[in-house]
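Asker: Pasted the sequence and its predicted model underneath.
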There are 2 protein chains.
Amino acid sequence: MENFVFQNKTKIIFGRDTESQVGEETAQYAKKVLLHYGGGSIKKSGLYDRVTASLKKAGVDFVELSGAQPNPRLSLIRKGIDICRKENITFILAVGGGSAIDSAKAMAAGVPYNGDVWDFYCGKAAPEKALDVATVLTIPAAGSESSPSSVVTNEDGDLKRGLTNDLLRPVFSILNPTLTFTLPPYQTACGAADIMAHIMERYFTTTQHADFTDRLCEAAMKSIIHNVPVCIKEPENYDARAEVMWAGCVAHNDLLGTGRNQDWASHGIEHEISGIYDVAHGAGLAVVFPAWMKYVYKSNISNINRFVQFASRVWNVEIDFHNQEKTALAGIAALENFLSSIGMPIRLKEMDVGSDRLEEMAAKCTGNGTRTIGGFMPLDKNAINEILKIAL
Amino acid sequence: MENFVFQNKTKIIFGRDTESQVGEETAQYAKKVLLHYGGGSIKKSGLYDRVTASLKKAGVDFVELSGAQPNPRLSLIRKGIDICRKENITFILAVGGGSAIDSAKAMAAGVPYNGDVWDFYCGKAAPEKALDVATVLTIPAAGSESSPSSVVTNEDGDLKRGLTNDLLRPVFSILNPTLTFTLPPYQTACGAADIMAHIMERYFTTTQHADFTDRLCEAAMKSIIHNVPVCIKEPENYDARAEVMWAGCVAHNDLLGTGRNQDWASHGIEHEISGIYDVAHGAGLAVVFPAWMKYVYKSNISNINRFVQFASRVWNVEIDFHNQEKTALAGIAALENFLSSIGMPIRLKEMDVGSDRLEEMAAKCTGNGTRTIGGFMPLDKNAINEILKIAL
């Protein structure tokens, strides 16, 4: 096991009707906040009314910024930063999924910074302070509700980049599974693919001894595999929705990644796809991950062993003791079957992505071929191009 | 799943040589601290020197209070409270295992309180503030290094009682697995029994749908079962020691208990045993838990089902689909075998506890028969007497 530091300050308030506590919780931090959300869905569902009523009741004033969208845009973030500065706002409440939360985090880092917020995402600077962020979560997927991460798209160049910093962990997050009842099957499945990917990015490690966190990862994956199909069949099954919402949160708060090196190549590759084509992040991951697996699994015996463990422990594949490769491939096939069964694409063509820009994407995620990505197996531009071809 | 609130503020600093960071971390909170520890072991091992050197280097002054012992005594805690008040100390650094940490937490709650600290433990009052506590852990067992709990023995009446309050979570805890290399097999096993018990108190629930936390509990138990025998055979196996140390911490920070009702009858019963006989807490739990299981498993079909899950998923017992009871009992037997195999007693007589004070203990842990204990199956005085008889 490798040395690590782990601290997760986020207070999770989980369960039915918990959004009614948002005012009271917020009032402990600020009397005036930026309320950031997407579009009409939270108005249609009544969530907007309940949240704003709770804020008003607690004496919390708010300025609104709507328009958060999947693959959150830098332009909106800059607008939010301006508002916070003009209105002397020190607290941002995001109501929505990962996009609203990631935008809010970017604003939170940008407000006290004497420069352009994109500096943090392209690695030119690191935030030294940030406003407080809190969330009312409506989509279990990104895990942003208690993670230190934020992903943003810069429309100027179709660049999608991430920032990770403990300052960005929300101070509190409200998770009410009933808010996810109205999520359509496709979005539910995209969320599941994203959650599975967050776990797999940590699971595929070269750290030789990480038994406890291996088992935590396997526990989380099995719970997702077991409960997501229930959510799709029975959208108002509270218990299944609750399992997915809580597992999705823990999947990305990095408990499951403690003491081990992690991969993250698939996220890097996917960001290039959704940066250009604006596909759903979860769908992109459903396509990239199996292709990545088919490329990396056999590069050495230790990699094969890990895929055998994945097949056996996560997918209950019966081990072929005379043919490890067969077992490993059966595990990858089981993942593909699962993703297909919940309605995810598993090939680029299913998302109408052709072969014409593969090299461009491979170049972009390796700094034009100047570096490799991936902790499990370092991948250069050519390797990524091959993976994208497997995904076609 | 039940509604819950979960927040764990403790910063975990994990790995080799991490105790060298104690001064720097402490200095962020205080320039003068109470250094609380047990006896000579940390001096013999050199840990005392390394910790005090780090404090001095960071400009942190300290007053010492040694003498923490298993089943921490109220008298020493009162002494610590006096010292903190006299010396204007606002931060307590505990170096040791659960006893030193639990004492430190009691002092932390007692210092700002205008009354006797025992009030918190006998339920007469709840702490409204507490000093900051931090730890350098030397024994993986109690989980106190990131839990909100503290257990104290009042010598006046042999009363052992617990207090749980989020104020008591340490601000940081340093976990260096090499510090556990010198733990003798018996203490290693006592720790394992304590850790298993913390998980099982949460695992045995009447909450019908708690799939994700079920699987997290199973993951933690399997990691303990797998790694503790390695620690006993190879005391200096870093990786095995690290798995046990990290799993033991997560086992009791209550992530594994989120959204589910919990039992805690076995802890209640064990506290009466170690309150009178001063046996090691872990050893007492190794005796009580199997007896508790034999009493409660068959009280209804839902209980049997849970024990079948325990047998199958934790112990890999092959399910007898025609005889659930047989499967359930095989799981309990597997737990007993495991505990025996690592050198734990599984009967009272192995700890030289006779049958003469069973009724007294049953009375004490039920408020003289006025209340029941246990969330999985409420137990009255007579039921506890029966369980203690099974344990003979």
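Answerer: All right, it came through fine.
Asker: those strands in chain A, which residues are they?
Answerer: A:4-14, A:32-37, A:61-65, A:91-96, A:132-137, A:149-154, A:159-164, A:172-175 (DSSP state E).
Asker: So what's the residue count around residue A:135?
Answerer: Per other C-beta atoms under 10 Å in any protein chain shown, the neighbour tally for residue A:135 reads 28. All C-beta atoms are positioned from the backbone trio N, CA, C, and that covers glycine.
Asker: Next one: residue A:43 from residue A:20, what distance?
Answerer: 17 Å (C-beta to C-beta, to the nearest Å).
Asker: got it, and residue A:221?
Answerer: Relative to residue A:20, and taking C-beta to C-beta, residue A:221 is found at 33 Å.
Asker: between these two, which one's more packed in?
Answerer: Shown here are residue A:221 and residue A:20; by other C-beta under 10 Å, residue A:221 has more neighbours (25 against 15).
Asker: check contacts around that one.
Answerer: A:196, A:199, A:200, A:203, A:314 (C-beta atoms under 8 Å, 6 or more residues apart in numbering or on different chains).
Asker: Kindly state the pLDDT recorded for it?
Answerer: Per-residue pLDDT puts residue A:221 at 98.
Asker: got the residues of the stretch 101-250 of chain A near chain B?
Answerer: Contact residues, the stretch 101-250 of chain A versus chain B (C-beta under 8 Å from any C-beta of the partner chain): A:177, A:208-209, A:211-213, A:215-216, A:218-220, A:222-223, A:226-227, A:238-239, A:242-243, A:246-247, A:250.
Asker: and the contacts of residue A:221 as TSV, adding distance to residue A:15 and pLDDT?
Answerer: Shown next, in TSV, are these (distance: C-beta to C-beta, whole Å; pLDDT from 0 to 100):
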residue	distance to residue A:15	pLDDT
A:196	24	98
A:199	23	98
A:200	28	98
A:203	29	98
A:314	28	98
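Asker: Redo the strands of chain A as TSV? Include distance to residue A:52 and mean pLDDT.
Answerer: Below are the strands of chain A laid out as TSV (distance: least, C-beta to C-beta, whole Å; pLDDT from 0 to 100):
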stretch	distance to residue A:52	mean pLDDT
strand A:4-14	18	98
strand A:32-37	7	98
strand A:61-65	7	98
strand A:91-96	10	98
strand A:132-137	11	98
strand A:149-154	25	93
strand A:159-164	29	91
strand A:172-175	14	98
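Asker: Figure out which of those strands is closest to residue B:83.
Answerer: strand A:4-14 (29.2 Å; C-beta to C-beta).
Asker: check whether that closest one contacts chain B.
Answerer: Yes: counting by C-beta under 8 Å from any C-beta, chain B has neighbours in strand A:4-14: A:4, A:5, A:6, A:7, A:8, A:9, A:10, A:11, A:12, A:13, A:14.
Asker: hey, where'd the helices end up in the stretch 151-300 of chain A?
Answerer: Assigned by DSSP state H, counting those that start in this stretch, the stretch 151-300 of chain A shows helices spanning A:185-203, A:211-233, A:238-250, A:265-277, A:281-296.
Asker: Pick out the shakiest of the ones you listed, pLDDT-wise.
Answerer: Looking at the helices of the stretch 151-300 of chain A, the bottom one is helix A:265-277 with a mean of 94.
Asker: Now the residue lying closest to residue A:115 once chain neighbours are set aside: phi and psi?
Answerer: Distances taken as C-beta to C-beta, 6 or more residues apart in numbering or on different chains place residue A:125 nearest to residue A:115, at 6.5 Å, with adjacent residues excluded. With angles defined as degrees, to the nearest 10, residue A:125 sits at phi -150, psi 160.
Asker: Now do the contacts for residue A:125.
Answerer: Counting by C-beta under 8 Å, 6+ apart, residue A:125 has contacts A:113, A:115, A:119.
Asker: quick one: the first one and residue A:127 touch, right?
Answerer: Meaning residue A:113. Yes: using C-beta atoms under 8 Å, residue A:113 is in contact with residue A:127, at 6.6 Å.
Asker: Tell me the residues that contact both of those two, please.
Answerer: By C-beta under 8 Å, 6+ apart, the residues touching both residue A:113 and residue A:127 are residue A:120.
Asker: Please identify which of those two sits among more neighbours.
Answerer: residue A:127 (19 against 16).
Asker: Excluding chain neighbours, what is closest to the more buried one?
Answerer: Per C-beta to C-beta, 6+ apart, closest to residue A:127 is residue A:109, 4.1 Å.
Asker: what's the answer for residue A:361, then?
Answerer: Residue A:361 sits nearest to residue A:272 (C-beta to C-beta, 6+ apart), 3.9 Å away.
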